[in-house]
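Enquirer: okay, here's the prediction I keep looking at, along with the sequence it came from:
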Amino acid sequence: MKTFSSFLVALCVVWSAVQREHVASASFFGGVFGSSKNTATAEAKTVTKHAIVEDPHPIRGLPDHLIAHYLQDHFVCDGGKTVLKPKQINDGYCDCSDGKDEPGTSACSQGTFFCRNKGYKVIALPSSRVDDGVCDCCDASDEQPGACPNTCQAVASRERASLDRAITAYKAGHSQRKAWIQQAKEQLQNQAKQLPLLDAEIERVRAEQATAQQEADAHLASLSSSRQGILTTNKAQLDRLLLLEPDHLNFLAQLTVNLAEVLDVTEDQIDGLMTFRPATREHHDHHHVDVEDYGDEPVAATGVVSSCAVTDALLVPSTLLSGLCQVPEGQDVYAELYHVFHQLLKNYRPYSELFYLLGHYQLQGNQWAAEAVDYARNALVDTEPVDPNAAVDAAASSGASSCPADFAALSTDFCLLPEQVKTLLEPLLSEESAQQQDATYLQLKQRIHSLNNDIRDLERRRSEAQTAHNQMHVTSGGDAAQSDGDLAFQTLKDQCFDVVDGKFSYSLCILSKVSQKEEHGNFNTVSLGSYSRLEAVTPSTTNQGAAYVMHFDNGQYCHAHGPRKADVTIRCGEKHQLLSAAEPSTCFYALQFESPVACTEEYAATQGILPYL
């Protein structure tokens, strides 16, 4: 009787299989040749026969925590719409629309197979990868028995070693990160505390500078006052020596023009020496006047201002002094001309020119000719200082070059004229030189210069303190990861790291710049961008656990793509290291950087490290 009962059970199982095969065949042929009412009903359920694998585990493809749900008297799926018997689980037919009745076969395309991987960890696979001839589970449970060896212990060992290294690196990096953040905070606090002290020190040094400047000004005034008598006397003596008197307007005018021509001083420059501003000139092409004949009387020429006492007094027409023809009524023309002459002496210091011009005046009987300019310039070959005694002796004995041969007809005392003029002119033209030679003034000037440097240094330090004060307020609120990152990276500012990729080397300078350099050839360096901003990101598998992205913009212009740009992705590591650099799109560069700064708590949580700390 028992044998007969077993036979009936087996017969029922076979009959059920036959029925399922019949439904599957009807579905196939119905789809090709058309379907009847009966075959349409059969098509309502997609059924595909798959091999059923023996498994010592109660239900193949399930993790331990889900087995109890499958060992009920009935299995419910599709939100309660489908109720199955236990024997329909993993029978090779997809009965549930969500594929949950086939966790151990590939019958349901949307199903999930769980590798139990004893000794390692449970891994979920798409059911399509079950029995595909490739062992995806380290325990080989996704394939037929014996298809692959069990490698879970080896995989677990390798992963554990990798995890240990990650934990060690994180601990070291995180500890360093915290130390940098604390160091930066203390530095900011110390700098911020300096603000009121620096303000007080700047005010004190500025007051000291003002006092030193007042003392210097007072000393210069005293110095000028004590020299005033000497200057007045020298000025009168020089005027007599040069025949400069108000009734000698013609002499002074001619001397000024000839002196300007020898020195190549332009008409506009002469205008700039005047005490008033002449009207703007409309023409600038008349500085040189072509003269066919000349003599005692002036000859008309293009551009020469007529009916002007200054220009009419010239032996040879010239427009150099035409600006003086605009002297306002009531103003002394001679005084203005005298001022221009002395400004020429002061600005150009033409001692040699003046001496030879004066000598030529004496030789020519106060008559001027065009050759005078060439004469004066040719005579300037000898520019050595004149020793009065040597000059007299030389002139009296051999007519040395220190006293031109043209002066032979004159008294040898004329050779002393250069030194006489220089002696009288030096105090008048070297007021600044006298100041520079005064010990008291030099000390005050040096003191003022030193105080100026002190003020600049204090203002720089104050600016840094103000920046620190502002940054403290920013980091006291807002995103903690962002603010802590800003603080930590400040300790690395301007440190540079390099990596070679192919024919280029890349350089990253923290919070500063990124550049690319050719390894061979011309060794050209290209800017890939200047630091723009630091962005805190959530570490994930897609960004390789990066905690920050440092953005660089406005690099060297790149054809039609605009300025180059670069993003530096920063992930946790025990030390600073530029890992790689690439150009994923034209003129946009992606760099990978490893640093303890990126060893954040969020990194530990997302990378599975936190439970082991």
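Expert: Received it, and whenever you're ready, just let me know what you need.

Enquirer: I'd say Ile455 and Glu208 touch.
Expert: No: Ile455 lies out of contact with Glu208 (C-beta atoms under 8 Å); the separation is 9.7 Å. Quick note: C-beta positions are derived from backbone N, CA and C, even for glycine.

Enquirer: which SS state does Arg571 fall under?
Expert: Applying DSSP: H, G, I helix; E, B strand; the rest coil to Arg571 yields a three-state assignment of strand.

Enquirer: what residues are bridge-paired with it?
Expert: Applying DSSP bridges to Arg571 gives these bridge partners: Ala546, Glu594.

Enquirer: please, where are all the helices along the stretch 151-300 of the chain?
Expert: For the stretch 151-300 of the chain, the helices defined by DSSP state H, counting those that start in this stretch cover 152-241, 249-262, 267-272.

Enquirer: equivalent analysis for the stretch 501-613 of the chain, please.
Expert: Per DSSP H, counting those that start in this stretch, the stretch 501-613 of the chain carries helices over the ranges 601-606.

Enquirer: which residues in it form strands?
Expert: 504-509, 513-518, 525-536, 546-553, 565-572, 577-585, 588-595 (DSSP state E, counting those that start in this stretch).

Enquirer: out of those, deepest packed?
Expert: strand 565-572 (a mean of 23; mean count of other C-beta atoms under 10 Å).

Enquirer: which elements pack onto it?
Expert: Contact analysis of strand 565-572 by 3 or more C-beta pairs under 8 Å, 6 or more residues apart in numbering; DSSP states H and E lists helix 152-241, strand 525-536, strand 546-553, strand 588-595 as its packing neighbours.

Enquirer: make JSON lines out of the ones you listed and add mean pLDDT.
Expert: Formatted as JSON lines, the helices and strands packed on strand 565-572 follow (pLDDT from 0 to 100):
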{"stretch": "helix 152-241", "mean pLDDT": "85"}
{"stretch": "strand 525-536", "mean pLDDT": "92"}
{"stretch": "strand 546-553", "mean pLDDT": "93"}
{"stretch": "strand 588-595", "mean pLDDT": "94"}
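
Enquirer: now render those as TSV, adding distance to His248.
Expert: Shown next, in TSV, are these (distance: least, C-beta to C-beta, whole Å):
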stretch	distance to His248
helix 152-241	10
strand 525-536	68
strand 546-553	72
strand 588-595	79
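
Enquirer: so which of those comes closest to Ala604?
Expert: helix 152-241 (5.8 Å; C-beta to C-beta).

Enquirer: just want the angle from the closest one to helix 249-262.
Expert: 150 degrees (axes from the mean of the first three to the mean of the last three C-alpha atoms, to 10 degrees).

Enquirer: just checking, what packs against helix 152-241?
Expert: Helix 152-241 sits against helix 417-429, helix 431-437, helix 439-475, helix 480-490, strand 565-572, helix 601-606, with contacts defined as 3+ C-beta pairs under 8 Å, 6+ apart.

Enquirer: and it with strand 546-553, angle?
Expert: Using the same axes, to 10 degrees: helix 152-241 against strand 546-553 is 30 degrees.

Enquirer: offset the numbering so it begins at 745, please.
Expert: Sounds good: first residue 745 from here, last item helix 896-985.

Enquirer: nearest spatial neighbour of Asn1091, skipping sequence neighbours?
Expert: The shortest distance from Asn1091 to any non-neighbouring residue, by C-beta to C-beta, 6 or more residues apart in numbering, is to Leu1017 (7.2 Å).
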